[in-house]
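In: Structure of the sequence below:
(one chain, ligands or ions: 3)
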Amino acid sequence: MSRTVIHGGLVITASDEIHADVLVEGGRIAALAAHGTDAAESWTADRRIDATGKYVIPGGVDAHTHMEMPFGGTYAADTFETGTRAAAWGGTTTIVDFAIQSVGRSLREGLDAWYAKADGNCAVDYGFHMILADVNPSSLKEMDRLVAEGVTSFKLFMAYPGVFYSDDGQILRAMQQASGNGGLIMMHAENGIAIDVLVEQALAAGRTDPRYHGDVRKVALEAEATHRAVQLARVAGSPLYVVHVSADEAVAEIAAARHKGLPVFGETCPQYLFLSTDNLAEPDFEGAKYVCSTPLRPKEHQEALWRGLRNNELQVVSTDHCPFCFSGQKEMGRGDFSKIPNGMPGVEHRMDLLHQAVVDGHITRRRWIEIACASPARMFGLYPKKGTIAPGADADIVIYDPAAEQTLSAETHHMNVDYSAYEGKRITGQVETVLSRGEPVIEHRKFTGRAGHGTYLPRGTCQYAG
Ligand SMILES: NC(=O)NCCC(=O)O
Ligand SMILES: [Zn+2]
Ligand SMILES: [Zn+2]
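Out: Numbering: from 1, shown residues only. Ligands and ions are numbered 1, 2, ... in the order given. The predicted model follows:
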């Protein structure tokens, strides 16, 4: 069994920061020992990685990606191959992507199609959530089988009527099913019926530019849907995870639910923490690059999101990586913002942007690791195999240089998309080396991984208890 020792670094997990050496054996973490001690000095190894002056952190867990997603008349531009390679470059060693049920089809059919897309193509490990687009007696029964097979979370949409939308009755039934089988309901909380009325009115009034995408998807309609989802989950007795929370009033709904002791959890994404409606208003249709749903909000909302992350009102930062090229894809919505495919690239930059948040004083180093690694692993039944550095865990380890300076750009990123949402943004900190189950997939900023290294992860049920 091959042995690797990572020595001299500062090991950071969600709970500790220790100057320790790490012994990796056969893809797993075998031991940690304080740096310079006899125990650490006695380890023999095939490979030694000097992490002096660097952080040694768990590989990131991005619990919300959409590789190759069919959406808005096109497909998300990253395949499982290109998207997981970009994830590795950015220090993310696990993704949980969304398999999709088509209307009139079974969950099984949708899930099998996603297994086939990913199989043999991923550079890092991956699991699946299931999007329920057609809640009916048969798909409800199938949920039990999926949980037993390791697909333990289900996304429902209160938005996108005619595409993924479920009505309140369907949502309640799916929640009741999840409360019986241990599944976790993930909710896209926006009132899509009301939004469609506002879209129609905006277009009729000649308001066609990308910034109107943000105007019609009102804060009140995110907050209302979040409140409704919480009440439905409460009636069903099921836990609820609200995805891509963008608005201060939605954070307040989650906080109020949690204050009552309800098992309600929230996720936000870097785009809501670092970008705003100012980006959506960029001239010459450039705002289309920032069209996603929930939409970007005025800057004032960011403080509530940061506070939510600090106070554990929000538990997870995922990317909702769903990239569409500006050329040929985002451009489908010139003259009609409602035809711009919704989604933004981000899988490569989450760990860096959140490190920048540490540098800027928004969160601590341990909270960085908690919201980007440990909490998503716990939430989606992957802990402690993923999300931490401890004996027995998979050796998914990032050597992170906290002092390196980099500039984010489409010229240098590895995602298969022709623009960067963060073009020109300066970041302090950079991934140097990444191990996935002990194998170097990035070595001193060179890709050394391969498509097919990444394996499928059947997951347990939600382990988050607070
Ligand atoms: N978020 C987004 O705009 N696109 C991806 C689909 C979703 O998460 O709703
Ligand atoms: Zn969504
Ligand atoms: Zn999404």
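In: Show me what from the stretch 301-450 of the chain comes close to ligand 1.
Out: Applying C-beta under 6 Å from any ligand atom, we find that the stretch 301-450 of the chain lies next to ligand 1 at D320, C322, N342, G343. (Glycine included, C-beta is placed from N, CA and C.)
In: Okay, now the unreliable bits of the stretch 201-350 of the chain?
Out: Counting by pLDDT under 70, the stretch 201-350 of the chain contains no low-confidence range.
In: how about the helices of it, start to end?
Out: Listed in chain order, the helices of the stretch 201-350 of the chain (DSSP state H, counting those that start in this stretch) span 211-216, 219-236, 248-259, 270-274, 277-280, 301-311, 350-359.
In: Would you reformat these as a markdown table and include mean neighbour count?
Out: Converted to a markdown table, the helices of the stretch 201-350 of the chain look like this (neighbours: other C-beta atoms under 10 Å):
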| stretch | mean neighbour count |
| --- | --- |
| helix 211-216 | 22 |
| helix 219-236 | 21 |
| helix 248-259 | 21 |
| helix 270-274 | 22 |
| helix 277-280 | 20 |
| helix 301-311 | 19 |
| helix 350-359 | 22 |
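In: E443 against L435, yeah?
Out: No. With contact taken as C-beta atoms under 8 Å, E443 and L435 are classed as non-touching, separated by 9.2 Å.
In: ok so, going back, from the residues of the stretch 301-450 of the chain next to ligand 1, which two are the most distant?
Out: In terms of C-beta to C-beta, those reach their longest pairwise distance at D320 and N342, which sit 9.7 Å apart.
In: for this structure, which residue is closest to the average position?
Out: Closest to where the C-alpha atoms of the chain average out (C-alpha atoms, centre = their mean) is S318, at 2.5 Å.
In: on that earlier part again, closest one to D418 among the helices of the stretch 201-350 of the chain?
Out: With C-beta to C-beta as the criterion, D418 lies closest to helix 277-280 of the helices of the stretch 201-350 of the chain, at 16.6 Å.
In: Which strand residues bridge the nearest residue to T455 once chain neighbours are set aside?
Out: Leaving aside its chain neighbours, T455 sits nearest to D125 (5.5 Å; criterion: C-beta to C-beta, 6 or more residues apart in numbering). On the basis of DSSP bridges, D125 takes part in beta bridges with T94.
In: Next, the contact list for D125, please.
Out: If you count contacts by C-beta atoms under 8 Å, 6 or more residues apart in numbering, D125 has them with T93, T94, I95, K386, D394, D396, S436, R437, G454, T455, Y456, L457.
In: let's see it at 7 Å
Out: If a contact means C-beta atoms under 7 Å, 6 or more residues apart in numbering, then D125 has T93, T94, S436, G454, T455, L457 as its contacts.
In: ok so, going back, including neighbour count and distance to A118, could the residues of the stretch 301-450 of the chain next to ligand 1 go into a markdown table?
Out: Compiled in a markdown table, those are given as follows (neighbours: other C-beta atoms under 10 Å; distance: C-beta to C-beta, whole Å):
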| residue | neighbour count | distance to A118 |
| --- | --- | --- |
| D320 | 27 | 18 |
| C322 | 25 | 16 |
| N342 | 20 | 22 |
| G343 | 22 | 18 |
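In: got the residues you listed as CSV, with distance to R365 columns?
Out: What follows is those, written out as CSV (distance: C-beta to C-beta, whole Å):
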residue, distance to R365
D320, 24
C322, 29
N342, 33
G343, 30
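In: Just the C-alphas of stretch 377-392, formatted as CSV.
Out: Taking Å, rounded to 0.1, in the frame of the first residue of the first chain, the C-alpha atoms of stretch 377-392 are listed here in CSV:
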residue,chain,number,x,y,z
ALA,A,377,-20.7,16.3,3.9
ARG,A,378,-22.9,15.9,7.1
MET,A,379,-26.0,17.3,5.4
PHE,A,380,-25.8,14.8,2.6
GLY,A,381,-24.6,11.7,4.4
LEU,A,382,-20.9,11.7,3.4
TYR,A,383,-19.3,12.5,6.8
PRO,A,384,-16.6,11.6,8.0
LYS,A,385,-15.6,9.8,4.8
LYS,A,386,-15.6,13.3,3.2
GLY,A,387,-15.3,16.8,4.7
THR,A,388,-12.6,16.3,7.4
ILE,A,389,-9.1,15.3,8.0
ALA,A,390,-9.2,12.4,10.5
PRO,A,391,-8.0,8.8,10.7
GLY,A,392,-10.2,6.6,8.5
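In: Give the buried residues for stretch 55-72.
Out: 55-69, 71-72 (16 or more other C-beta atoms under 10 Å).
In: average pLDDT across it?
Out: Here stretch 55-72 scores 98 as its mean pLDDT.
In: please begin residue numbering at 49 from this point
Out: New numbering, starting at 49: the last item is stretch 103-120.
In: That stretch close to ligand 1?
Out: Yes. On the criterion C-beta under 6 Å from any ligand atom, stretch 103-120 is in touch with ligand 1 at H114.
In: And for stretch 294-312?
Out: No. Figure legend: stretch 294-312 not in contact with ligand 1 (C-beta under 6 Å from any ligand atom); closest approach 9.9 Å.
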